[in-house]
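When you get a sec, could you give me coordinates for this:
(one chain, ligands or ions: 2)
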Amino acid sequence: MDSMTFVLFGATGDLAKRKIFPALYNLYLDHKLPESFSVIALGRKPYSNDEFQTHVEEALKTFSRRFIDDHVQVADFIKTIRYHILDATNVEGYQGLLELVQQREKEFNLPENRLFYLSVGPEFFDVITLNIKESGLANTKGWKRLIIEKPFGHDLQSAQDLNEKLSKAFDENEVYRIDHYLGKPMVQNIEALEFANPILQTLWNNEYIANVQITASETVGVEERARYYDTSGAIRDMVQNHMLQMLMVTAMHLPKRISAKDIRYEKRKIMESLRLLEKGEVGLQVIRGQYAAGEIKGEAVIGYKEEPGIEETSTNDTFVAARLWIDDSFWSGVPFYIRTGKRMKEKSTRIIIEFKNPLKDLFLNQNHNEETAPNLFIIEIGPNTGVSLQLNSKNLVNEGKVEPVRVEFSADQKEVPEAYELLIFDALRGDSTYFAHWREVELSWRWVQPLLEAFEENSIPLHSYPSGSMGPDASHQLLEEDGFVWWD
Ligand SMILES: NC(=O)C1=CN([C@@H]2O[C@H](COP(=O)(O)OP(=O)(O)OC[C@H]3O[C@@H](n4cnc5c(N)ncnc54)[C@H](OP(=O)(O)O)[C@@H]3O)[C@@H](O)[C@H]2O)C=CC1
Ligand SMILES: O=C1O[C@H](COP(=O)(O)O)[C@@H](O)[C@H](O)[C@H]1O
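Ligands and ions are numbered 1, 2, ... in the order given. Reported below is the predicted structural model:
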């Protein structure tokens, strides 16, 4: 891996503390950082370098699953970090940043490979990239890369505008758009499961699959993010990015070669085949909900409108379910259902492939009252990680009745690397496979746009659901219309 400088904007923020520094530290422990590595940590808070390094150490103690109370090792990692105060909107400040980067490059004998990580609010994405370009920070003799956090735009137009601005300073192949769901080990495992198992490869199409269900349910509410969330909703917060990325990864056709270019091409083809909705039909395919008061794991919780910072009149969506169709020869006729929400019964992200059951009636006739359940292939993304296959088998103990059984594989969560660890490692070595390409982002916004407009105009119902449930009844009815149920 090339030696480099890692310039972190937003180093004093929540994400840096909870995810980015712990990920870098874990990579350090695994000897996965470049031999020479300089971190320039940027923020406005008036830390001295020593104070900032102590702040990072505290963050590692709290948030790294691998923290080792070995002062020498921690100190060895932390010494790569240099804190620098910079107001990102202050153009002149970037000259000082350039000088610091160059000084450290000289000190560590580093090539001019520079990775810029924007872990700041989206309102700074364009101004920072412009300043990086104007200041000369991007004129390197080595390579340059940009990691950018979500949200990438607020709607189709703003995403296109932002991309236009970024592209003035960075080429598409230099931009690494983070979607942390793409960094989840089980999401990355989907293509391997398919690739390495002919049995799955053969069945992964509309001849055998009845429907696909992608659920990301959360028990948390809006937390301290009322300002952001109330203008974002589940549709922008989860559907436009994570849910559609999971759909792409599940539905994409296996490329002959596993490379970033081929995988992105296949994902893009799925998005190009995704049937667009007219604004007027959104109500038939999409369910929007908002949580009311309820109970989660025995604890009473308040409704969305009672949350601090949320207006009593808010019509924001905290739940979205939708039926999507991919109009290509592989998936034609197979509904893809997605569902995500806050304050639901459980924290769980999973993808369920329900197989067709052509012999169901035959079996029922021959065996009177016995029914077979459909075969399900269940991919547990988080917090549990693993896969299971639901089959039908005679119960060898209980009168030989046929009943569903599960064949399971699961991994110990504590051993599984964090999404940020995998993603940052990939960005360090220049592998963009698990980052969102601009076309995927643009096509996702294109699919979401009529939903945003229908929500904005309140032209589809906003269903209330009790906290602690699996969402509004209407979401269950959506599947019942097709003769299916959500597999919880
Ligand atoms: N936190 C999370 O779990 C997640 C966050 N994200 C995304 O990551 C990004 C960062 O989020 P998060 O860390 O939570 O945000 P925080 O509000 O916790 O941190 C914001 C950071 O931006 C810096 N900042 C703010 N204004 C300026 C400025 N004018 N010049 C320079 N730096 C500035 C702050 O520095 P200072 O305080 O020193 O001024 C701070 O380091 C956002 O885009 C967010 O959407 C994405 C997924 C999850
Ligand atoms: O991006 C986001 O994701 C989290 C859920 O992520 P997970 O890894 O815990 O499944 C969500 O809570 C948050 O609102 C959203 O911004």
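
Could I get the contacting residues of the residue in the stretch 351-488 of the chain positioned nearest to ligand 1?
Per Cβ to the nearest ligand atom, Y420 is where the stretch 351-488 of the chain lies closest to ligand 1, at 9.4 Å. To be clear about C-beta, it is placed using only N, CA and C from the backbone, and glycine gets the same treatment. Counting by Cβ atoms under 8 Å, 6 or more residues apart in numbering, Y420 touches K19, I20, P22, A23, H180, G183.

try E134
Contact analysis of E134 by Cβ under 8 Å, 6+ apart lists V91, Y94.

The helix or strand hosting it and ligand 1, are they touching?
Secondary structure from DSSP states H and E places E134 in helix 125-135. No - for helix 125-135, no contact with ligand 1 is found by Cβ under 6 Å from any ligand atom; the gap never falls below 7.9 Å.

in its sheet, what does the helix or strand that that helix is followed by sit against?
Downstream of helix 125-135, the first helix or strand assigned by DSSP H and E is strand 144-148. Within its sheet, strand 144-148 is paired with strand 114-118 (parallel), strand 175-177 (parallel), according to DSSP bridges.

Please convert the buried members of the contacts of Y420 into ChimeraX selection syntax.
Of those, the buried ones can be selected in ChimeraX as follows, counting by 16 or more other Cβ atoms under 10 Å:
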select :19,20,22,23,180,183
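
Inside strands: which ones of the contacts of Y420?
Judged by DSSP state E, the contacts of Y420 include no members of strands.

Which of the contacts of Y420 fall within helices?
Among those, the members found in helices (DSSP state H) are P22, A23.

Just put the contacts of Y420 in CSV and tack on pLDDT.
Shown next, in CSV, are those (pLDDT from 0 to 100):
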residue, pLDDT
K19, 95
I20, 97
P22, 95
A23, 96
H180, 96
G183, 96
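
can you give me the helices in the stretch 301-450 of the chain?
Applying DSSP state H, counting those that start in this stretch to the stretch 301-450 of the chain gives helices spanning 360-366, 419-428, 438-456.

In terms of secondary structure, what does the last one contact?
Looking back up the chat, that one is helix 438-456. With contacts defined as 3 or more Cβ pairs under 8 Å, 6 or more residues apart in numbering; DSSP states H and E, the packing partners of helix 438-456 are helix 156-169, strand 175-177, helix 244-251, helix 260-273, helix 282-285, strand 286-292, strand 319-324.

coming back round to it: in terms of pLDDT, where does the residue of the stretch 351-488 of the chain closest to ligand 1 sit?
According to the prediction, Y420 has pLDDT 96.

Distance check, it against N357.
From Y420 across to N357, the span is 40 Å (Cβ to Cβ, to the nearest Å).

Check K279 too.
Distance, K279 to N357, by Cβ to Cβ: 36 Å.

For ligand 2, what's the nearest residue on the stretch 151-300 of the chain?
Ligand 2 sits closest to D237 of the stretch 151-300 of the chain, with a gap of 4.7 Å, by Cβ to the nearest ligand atom.

Can you tell me the SS state at that residue?
Counting by DSSP: H, G, I helix; E, B strand; the rest coil, the backbone at D237 sits in helix.

Would you mind confirming that L254 makes contact with F195?
Yes - counting by Cβ atoms under 8 Å, L254 touches F195, with 5.8 Å between them.

what's the overlap in contacts for the two?
Q201.

Closest residue of the chain to ligand 1?
For the chain, Cβ to the nearest ligand atom, closest residue to ligand 1: G13, 2.4 Å.

Identify the residues contacting the nearest residue to that residue once chain neighbours are set aside.
Excluding its sequence neighbours, the residue lying closest to G13 (Cβ to Cβ, 6 or more residues apart in numbering) is S119, at 5.9 Å. Taking Cβ under 8 Å, 6+ apart, we find S119 in contact with L8, F9, G10, A11, G13, L15, A16, I20, E149.

now the fourth one, what's its secondary structure?
Applying three-state DSSP to A11 yields a three-state assignment of coil.

which residues sit in contact with the nearest residue to A234 once chain neighbours are set aside?
Using Cβ to Cβ, 6+ apart and skipping residues adjacent in sequence, the residue nearest A234 is V320, 4.6 Å away. Shown in contact with V320 (Cβ under 8 Å, 6+ apart): 233-235, 238-239, 286-289, 338-341, 451.
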